[in-house]
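1. what would the 3D arrangement of this be:
(one chain, ligands or ions: 1)
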Amino acid sequence: MEGEKKEMHEEEKKRISMQRAAELKDTIADYQEALKTIPTGFNNWERIQATQERFRTFFKASEDDWNSWRWQLKNRVTRPEVLKELLPMDSKELEEITKTGSEYRWAVSPYYLSLIDPDEPDDPVKLQCIPSIHEYIDQGGYDDPMGEEFTSPVEAITRRYADRLIIKVTNQCAMYCRHCQRRRGIGEKDLATPREQLQEAVDYVRANKEVRDVLLTGGDGFMIDNQTISWLLDELSSIPHLEMKRFGSRTPVTIPQRIDDELCEILSRHLPVYVNTHFNHPLEVTPASREACFKLARAGVGLGNQAVLLKGVNNDPFIMRKLNQELLRIMVRPYYIFHAKAVKGTTHFRTKIEEGIEIMEKLRGFTTGLAIPTFVVNAPRGMGKIPLLPEYLVSMGKDYIKIRTWENRIMHYDNK
Ligand SMILES: *Cc1c(COP(=O)(O)O)cnc(C)c1O
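-> Residues are numbered from 1 along each chain as shown. Take a look at the predicted model:
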């Protein structure tokens, strides 16, 4: 009698579990359908490699040339006449690129250019690297919406927090993002921060004992040479109260060749080191990026990603879900999604805040917790990053709360 009852019980449990599993399958069907139309670097790799072959012939470059970051940097495409040989476009578009190029600098590494699907007019990589007439005609926005100029105690430092600060090591980037939020200081001229200014910044950190975390960025933190990085890390590592070093670099996305063995060896000698990079779309996550990120990971470097929410590129919950999943495949932990600020020349990329919140809502529960970054806005006047979240706490009673689950079920939760 007892045994029979237990058996029934087991059967009932099983039935309920099966029902729930079927229900869960329903919550992912729309995503699986959407994936058919989201290009990724992995599933486009054959096309990309064919393009790279073509580019190498055009540049008369050997495989070693192509795999050298110096070569990639030296051969950045900066002129419409060259661009049109590599990426088919009509004369109107070429004219617009020329026009915008007269106002804002542009430069694309052959590698990053090779990711673009020429049959896709709104290709997400193209939108990020090829100048658009929208930049030229942009009437909105400010040059410096964050008031960075007012948070710089010494030339190369931006300090907005008590325990951590930024040292800008250069204003150079491997590619000039069309959505760059630092357009004011980045891109028009390549300027590595002079050694004396770096020394001054190091001295500032040494003199301020509450600073335990330094972020080396720019521009792009990896656009300076390995010797300078080695020297800077040696200097910083000799400061007893400094607990960690971080880099901000988009090179794993735009010139993954930059992550060479020598750089990894230098970084591994100065752990703990963290690198935050800037992938915005799953098409950017390629086998070449994976190689760069795995190298960094093997060197002991912790990897994070800071995406920017960009209209037409990634303002879609499914694209963001896929991006963050692709990042985990290459050992990169999604860290932030930034709301795009009102920077002059970039306002065509701006979204409403609600879109970011909806993306967060459609990540939590729907995918791996590690794939969920924090959505942030930068407070005005350099007052820091502020997280914005969907609300899960519906109401509070005297000894209970009402919560909303990821599937939108309202539930009662004891709080005695
Ligand atoms: C973003 C930022 C940091 C780092 O902030 P975390 O939230 O710790 O990643 C530090 N200083 C400045 C000025 C920043 O803008």
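2. can you list the residues of the stretch 1-150 of the chain near the ligand?
-> By Cβ under 6 Å from any ligand atom, no part of the stretch 1-150 of the chain sits against the ligand. To be clear about C-beta, it is placed using only N, CA and C from the backbone, and glycine gets the same treatment.
3. ditto for the stretch 201-350 of the chain
-> Residues of the stretch 201-350 of the chain lying near the ligand (Cβ under 6 Å from any ligand atom): L215.
4. tell me how many other residues surround E120.
-> 12 (other Cβ atoms under 10 Å).
5. cool, L323 as well?
-> Per other Cβ under 10 Å, the neighbour tally for L323 reads 26.
6. that one - nearest residue in space that isn't next to it in sequence?
-> Excluding its sequence neighbours, the residue lying closest to L323 (Cβ to Cβ, 6 or more residues apart in numbering) is P282, at 4.9 Å.
7. contacts only, for that neighbour.
-> Residues in contact with P282 (Cβ atoms under 8 Å, 6 or more residues apart in numbering) are I38, P39, T40, G41, I319, K322, L323, E326.
8. what about the last one, distance to I48?
-> The one in question is E326. Distance of E326 to I48, given as Cβ to Cβ, to the nearest Å: 15 Å.
9. one more: the fourth one?
-> Distance from G41 to I48, counting by Cβ to Cβ: 7 Å.
10. any shared contact partners between these two?
-> Here G41 and I48 share the contacting residues L115, T286, scored by Cβ under 8 Å, 6+ apart.
11. so who does the residue in the chain positioned nearest to the ligand touch?
-> For the chain and the ligand, the shortest gap (Cβ to the nearest ligand atom) falls at R160, measuring 3.9 Å. Taking Cβ under 8 Å, 6+ apart, we find R160 in contact with T151, G382, M383, G384.
12. so what pLDDT did it get?
-> Note for R160: predicted pLDDT of 92.
13. gap between it and W231?
-> Counting by Cβ to Cβ, the gap from R160 to W231 is 26 Å.
14. repeat for D260
-> 17 Å.
15. what of K168?
-> Using Cβ to Cβ, K168 is found at 16 Å from W231.
16. more neighbours, those two?
-> Using other Cβ under 10 Å as the criterion, K168 and W231 rank with K168 on top: 26 against 17.
17. check contacts around the more buried one.
-> Neighbouring residues of K168 by Cβ under 8 Å, 6+ apart: A156, I157, T158, T193, T217, G218, G219.
18. determine which two of the residues you listed are furthest apart.
-> The span of those, defined through Cβ to Cβ, is set by I157 and G219 at 14.3 Å.
19. neighbour-wise, which of these two wins?
-> More crowded of I157 and G219, by other Cβ under 10 Å: G219, with 25 against 20.
20. residues contacting that one?
-> Counting by Cβ under 8 Å, 6+ apart, G219 touches K168, V169, T170, N171, Q172, C173, I186.
21. is it true that the fourth one touches L191?
-> Yes. Under the criterion of Cβ atoms under 8 Å, N171 is in contact with L191, at a separation of 5.0 Å.
22. of those two, who's got more company?
-> Comparing N171 with L191 by other Cβ under 10 Å, the one with more neighbours is N171, at 19 against 14.
23. leaving out chain neighbours, which residue sits closest to that one?
-> Residue nearest to N171 in three dimensions, not counting chain neighbours: G219, with 4.3 Å by Cβ to Cβ, 6+ apart.
24. let me know the closest of the contacts of P282 to I353.
-> Minimum distance to I353 across those is 18.0 Å, recorded for I319 (Cβ to Cβ).
25. find the centremost residue of the chain, please.
-> In the chain, the residue lying closest to the centroid (Cα atoms, centre = their mean) is H278, at 2.1 Å.
26. wait, that residue sits on Q306?
-> Yes. Counting by Cβ under 8 Å, H278 touches Q306, with 5.5 Å between them.
27. what residues are shared contacts of these two?
-> In contact with both H278 and Q306: G248, using Cβ under 8 Å, 6+ apart.
28. from the chain's centre, how far out does the helix or strand of the chain with the lowest mean pLDDT sit?
-> Lowest by mean pLDDT, DSSP states H and E among the helices and strands of the chain is helix 2-35, with a mean of 87. With Cα atoms, centre = their mean, to the nearest Å as the basis, helix 2-35 stands 37 Å off its chain's centre.
29. any stretches of the stretch 151-300 of the chain with poor pLDDT?
-> For the stretch 151-300 of the chain, the stretches flagged by pLDDT under 70 are 185-188.
30. domain ranges for the protein?
-> The chain breaks down into these domains under automatic domain parsing: 2-37, 38-388.
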